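Undergrad: fold the following and give me the result.
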Amino acid sequence: MDDLHAKRITVMGLGRFGGGIGVARWLAEQGADVLVTDLESAADLTESVAQIRDLVDSGRVTLRLGEHNVSDFTTCDLVVASPAVPRPWDNRFLRAAAAANIPVTTEMRLVIERLPNRERTIAVTGSVGKSTTTAMIAHALEQSGRTVALGGNIGGSLLPALSTLTPETWVVLELSSFMLYWLESLFAEKRLAPHIAVLTNIAPNHLDWHASMSHYEDCKRYVYEFQQPNDAAIFGPTLAPLAARCGQRAVIVDPSSFPGTLMLPGAHNIENAATALAACRLACPDLSEASLVDAIKNFGGLPHRLQLVAELRRPGGTAAPMRFYNDSKSTTPESSLRAIEAIAEMPGMSTRRIHLIAGGYDKQSDLAPLALAAVSLAGMYTIGATGHALAAAAGANAIVHECRTLAAAFDAAYRRMRPGDALLLSPACASWDQYKNYEQRGDEFIRLTKERTGA
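TA: Residues are numbered from 1 along each chain as shown. Just a heads-up that it's a prediction; the model follows:
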């Protein structure tokens, strides 16, 4: 549906942190008659509603909050669903729309359908490392003089920027498994798969949303499975079997191929850098490798991703500083284990000097590998819904404190820290049991660090 003027469009999901704001505003600007519906109440969505209050007051957007109404999904011209709606194939409102022959789309589908040049698209997905890799690609291309638009799971809506994109703009997207589920038919039927696809790795994640691990893997593979013969796919080093079955040009990342030293710690970031370099070289073969490498080496990282918040020496002390790391974005056991490894590899460090805060919303990931790693740490401090299970699985030989809240965990760890130790918030779980999102959780860790230490 290209012409949206005067169309009746239902936006399913405003979200506590405004997932539907960008699409609702853009649709109103296209002249559509927009209804935004969310199961959360107006009181719970106060901040999000405030951001579209002008549209509501002018009558361009109607709100139905605290409930969904089936008729809103069966009497409109189009439904725009939030990609985070759990198991949408079983959602009774979306099934009602399908039964009434009402097309259902998502914000990302609306964006991709309207991009000016498919051959200037790079899409990145994976269980671990996709955000940093996506940001590295965009940073390197921008630093090399290319015009870049960055969007998808990593940032805000690209819909308002559509009018500024040209056929020469490189569009770099981070795509979640939820987004890819909705993009399958678009990629397969309309041949709009990205020109360069990146799959960093696959490990169990979001099994509370997907029907099975195989369904999760299928959605991840959609990023490259419908590409055209002149496209290219980049695979992380653990995905060689998938690369061997890929019908188009396939590149397997060799982390040892990246020269130089990064600003970011950890072997996993070297892997991210090598992946980003491979994508940039495929995208712009005319750019010198040296310029791309320099840009990636100087990438300073993203907030909430192994972010060094503070270094603290005790008053009058000359010993090694205590360090505080915010890795709130680590929402899988694999990413948290990588964070531990990255800090342990730093000069003068070892796992015995790391105090880990972990736990949160239960995505049904296997937390056993992280729990078993606790025995090698200076201490593990568990929080949230998975905290008890993590503590129980750690075993009697591990130093574990069940703290429930982040504040209690911080205080317990800080009391036990010694010069040269590191406190790492790397939860291995989503934040939704106690926070709106991982950013809010990370911001609280930063606040606690400043308040408790005076850093």
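Undergrad: so where's the stretch 351-455 of the chain uncertain?
TA: Applying pLDDT under 70 to the stretch 351-455 of the chain picks out no residues at all.
Undergrad: any chance you could map the helices in it?
TA: 368-373, 387-394, 406-416, 438-453 (DSSP state H, counting those that start in this stretch).
Undergrad: now those helices in a markdown table, with mean neighbour count and distance to S41?
TA: Every residue, glycine included, has its C-beta placed from N, CA and C. Shown next, in a markdown table, are these (neighbours: other CB atoms under 10 Å; distance: least, CB to CB, whole Å):
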| stretch | mean neighbour count | distance to S41 |
| --- | --- | --- |
| helix 368-373 | 19 | 35 |
| helix 387-394 | 20 | 28 |
| helix 406-416 | 19 | 26 |
| helix 438-453 | 18 | 19 |
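Undergrad: for C246, which of those is the nearest?
TA: Nearest to C246, of all these, is helix 368-373, at 28.6 Å by CB to CB.
Undergrad: list the helices and strands that closest one packs on?
TA: helix 333-344, helix 387-394 (3 or more CB pairs under 8 Å, 6 or more residues apart in numbering; DSSP states H and E).
Undergrad: same list (these) but as CSV, adding distance to Y414.
TA: Shown next, in CSV, are the helices and strands packed on helix 368-373 (distance: least, CB to CB, whole Å):
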stretch, distance to Y414
helix 333-344, 17
helix 387-394, 18
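Undergrad: nearest to M322, of the ones you listed?
TA: Between these, helix 333-344 lies closest to M322; by CB to CB that is 12.3 Å.
Undergrad: D286: how many residues sit nearby?
TA: 5 (other CB atoms under 10 Å).
Undergrad: that one and D294, how far apart?
TA: 16 Å (CB to CB, to the nearest Å).
Undergrad: quick revisit: tell me which of the helices and strands packed on helix 368-373 sits nearest to T164.
TA: Closest among the helices and strands packed on helix 368-373, using CB to CB: helix 333-344, at 33.4 Å.
Undergrad: for that closest one, give the mean pLDDT please.
TA: Averaged over helix 333-344, pLDDT sits at 94.
Undergrad: before we move on, what about stretch 19-29?
TA: So the average pLDDT for stretch 19-29 ends up being 92.
Undergrad: hmm, back to that, and M417, which of the helices and strands packed on helix 368-373 is closest to it?
TA: Using CB to CB, these put helix 333-344 closest to M417, at 13.5 Å.
Undergrad: helices or strands next to that closest one in the packing?
TA: Using 3+ CB pairs under 8 Å, 6+ apart: helix 333-344 touches helix 267-283, strand 322-326, strand 354-358, helix 368-373, strand 422-425.
Undergrad: can you lay out the ones you listed as JSON lines showing distance to E174?
TA: Below are those laid out as JSON lines (distance: least, CB to CB, whole Å):
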{"stretch": "helix 267-283", "distance to E174": "12"}
{"stretch": "strand 322-326", "distance to E174": "20"}
{"stretch": "strand 354-358", "distance to E174": "24"}
{"stretch": "helix 368-373", "distance to E174": "24"}
{"stretch": "strand 422-425", "distance to E174": "22"}
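Undergrad: check those for me and report the most buried one.
TA: Highest mean neighbour count among the helices and strands packed on helix 333-344 (mean count of other CB atoms under 10 Å): strand 354-358, with a mean of 29.
Undergrad: which residues are in contact with it?
TA: 336, 340, 343-344, 370, 374, 377-383, 390, 403, 406, 409-410, 413, 416-417, 421-429, 445 (CB atoms under 8 Å, 6 or more residues apart in numbering).
Undergrad: quick one: closest of the helices of the stretch 351-455 of the chain to A279.
TA: helix 438-453 (24.7 Å).
Undergrad: could you name the helices and strands sitting against that closest one?
TA: Taking 3+ CB pairs under 8 Å, 6+ apart as the contact cut, helix 438-453 packs with strand 307-312, strand 322-326, helix 406-416, strand 422-425.
Undergrad: quick one: closest of the helices of the stretch 351-455 of the chain to Q51.
TA: helix 438-453 (16.2 Å).
Undergrad: can you state the direction angle for the closest one and helix 406-416?
TA: 40 degrees (axes from the mean of the first three to the mean of the last three CA atoms, to 10 degrees).
Undergrad: low pLDDT regions in this protein?
TA: 1, 17-18, 314-318.
Undergrad: any idea how it splits into domains?
TA: According to automatic domain parsing, the chain comprises the domains 8-105, 109-297, 307-453.
Undergrad: make a markdown table out of those and add distance to D2.
TA: Formatted as a markdown table, the domains of the chain follow (distance: least, CB to CB, whole Å):
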| stretch | distance to D2 |
| --- | --- |
| domain 8-105 | 10 |
| domain 109-297 | 8 |
| domain 307-453 | 33 |
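Undergrad: how close does P333 sit to A373?
TA: 9 Å.
Undergrad: for the helices and strands packed on helix 438-453, give me a markdown table that also has distance to T134.
TA: Shown next, in a markdown table, are those (distance: least, CB to CB, whole Å):
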| stretch | distance to T134 |
| --- | --- |
| strand 307-312 | 17 |
| strand 322-326 | 19 |
| helix 406-416 | 27 |
| strand 422-425 | 22 |
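Undergrad: which of these sits closest to A50?
TA: helix 406-416 (26.6 Å).
Undergrad: so what's the gap between that closest one and the chain middle?
TA: 27 Å (CA atoms, centre = their mean, to the nearest Å).
Undergrad: tell me which residues are up against it.
TA: Outside helix 406-416, the residues that reach it (CB under 8 Å, 6+ apart) are 355, 357, 378-379, 381-383, 401, 403, 423, 425, 434, 441, 444-445, 448-449, 452-453.
Undergrad: gap between A50 and A279?
TA: Taking CB to CB, one finds A50 at 38 Å from A279.
Undergrad: sorry, that was for D2
TA: Taking CB to CB, one finds D2 at 30 Å from A279.
Undergrad: tell me which of the helices and strands packed on helix 368-373 lies nearest to L264.
TA: So among these, helix 333-344 is nearest, using CB to CB, at 8.3 Å.
Undergrad: what comes into contact with the closest one?
TA: By CB under 8 Å, 6+ apart, helix 333-344 touches 127-129, 201, 203, 265-269, 306, 323, 325, 327, 329-330, 349-351, 353-354, 356, 358, 365-367, 369-370, 373, 377, 422, 424, 426-428.
Undergrad: for Q227, grab the count of nearby residues.
TA: With other CB under 10 Å as criterion, Q227 counts 22.
Undergrad: ok, it - contacts?
TA: A193, P194, H195, A197, A233, G247, Q248.
Undergrad: of the residues you listed, grab the buried ones for PyMOL.
TA: A single PyMOL command is used to select the members of the contacts of Q227 judged buried by 16 or more other CB atoms under 10 Å:
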select buried, resi 193+194+195+197+233
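Undergrad: need the contacts of Q227 in TSV with secondary structure, can you?
TA: Output for the contacts of Q227, formatted as TSV (DSSP: H, G, I helix; E, B strand; the rest coil):
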residue	secondary structure
A193	coil
P194	coil
H195	coil
A197	strand
A233	strand
G247	coil
Q248	coil
